[in-house]
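1. No letters, just coordinates:
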């Protein structure tokens, strides 16, 4: 079983809907990440939370809104998405916060596959 | 800027053959980390190995081995006696000390044929 749990596994939404993706880890990790992965492409970093504070936003459109309620939970709120936002959204966590070391090993969840109609 | 190149987009080999996945990287930092991740059809990326820029020792883990050569900026991955379960997309990745962001290569899709 994966140690990073993402729900839902699949989500279909219209462009006017509001939905959320959820991610949970219980490994005591202090950094959590959202990645977006289009088909046959590598994961692209969206957001990083370090010690529950947003530390990196890779210029993601405001229709994606991250939230970290506590060190174990990470949400991605979705609103007014476009069809081109359809992708696999991967959550990951790592033991240390954004530490400027480069050594963090990421543990990934299985992803939430989002389809925007 | 950092960059990771995996020139092999897709490879197919017959089971039990050995296969090497190539990875070439670019960085201006002297301190950096290299990774390999496996992504099976289920979608979850699985960590395989991490090497830091000061440790050029090759590593072997079961049927997997890694060859890190700073002189050619390469970090290649070899699977010996491949198995069907090795079929997946494999990503090489680089993280620099200064910003701690992992940059993935485009991946190599590996098909192991029975």
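-> Yes, it's here. Here the structure is a predicted model, which means the values were calculated and not measured.
2. Would you mark the buried spots in the lowest-mean-pLDDT helix or strand in chain A?
-> Sorted by mean pLDDT, DSSP states H and E, the helices and strands of chain A end with strand A:53-57, the least confident at a mean of 92. Neighbour-count burial for strand A:53-57 flags residue A:56 (criterion: 16 or more other Cβ atoms under 10 Å in any protein chain shown). C-beta: built from backbone N, CA, C; applies to glycine.
3. buried ones in the next helix or strand after that strand?
-> The helix or strand immediately downstream of strand A:53-57 is strand A:64-70, counting by DSSP states H and E. Residues A:64, A:66, A:68 are the ones in strand A:64-70 that count as buried (16+ other Cβ under 10 Å).
4. Please tell me I have it right and the last one contacts residue A:50.
-> Spelled out, it's residue A:68. No - counting by Cβ atoms under 8 Å, residue A:68 stays clear of residue A:50, with 9.5 Å between them.
5. what angle sits between the least confident helix or strand of chain A and strand A:64-70?
-> Calculated by axes from the mean of the first three to the mean of the last three Cα atoms, to 10 degrees, strand A:53-57 forms an angle of 150 degrees with strand A:64-70.
6. Give me the sheet partners of strand A:53-57 and which way each runs.
-> Note on strand A:53-57: by DSSP bridges, its sheet partners are strand A:44-50 (antiparallel).
7. Show me which residues of the partner strand are buried.
-> A:44-50.
8. same thing with stretch A:77-85?
-> For stretch A:77-85, using 16+ other Cβ under 10 Å, the buried residues are A:78, A:81, A:85.
9. Check stretch A:84-100 too.
-> So, applying 16+ other Cβ under 10 Å, buried residues of stretch A:84-100: A:85-94, A:97-98.
10. so, in contact with chain A or not, stretch B:5-16?
-> No - on the criterion Cβ under 8 Å from any Cβ of the partner chain, stretch B:5-16 is out of touch with chain A, staying 8.8 Å away.
11. And the contacts of that stretch?
-> The contact list for stretch B:5-16 (Cβ atoms under 8 Å, 6 or more residues apart in numbering or on different chains) reads B:19, B:21-26, B:81-84, B:91-92, B:105-114.
12. Leaving out sequence neighbours, find the closest residue to residue A:6.
-> Nearest residue to residue A:6 in three dimensions, chain neighbours excluded: residue A:109, at 3.9 Å (Cβ to Cβ, 6 or more residues apart in numbering or on different chains).
13. can you pull the contacts of residue 89?
-> Going with chain A. So residue A:89 contacts A:6, A:21, A:34-37, A:76, A:111-114 (Cβ under 8 Å, 6+ apart).
14. I was after chain B.
-> B:38-39, B:107-110.
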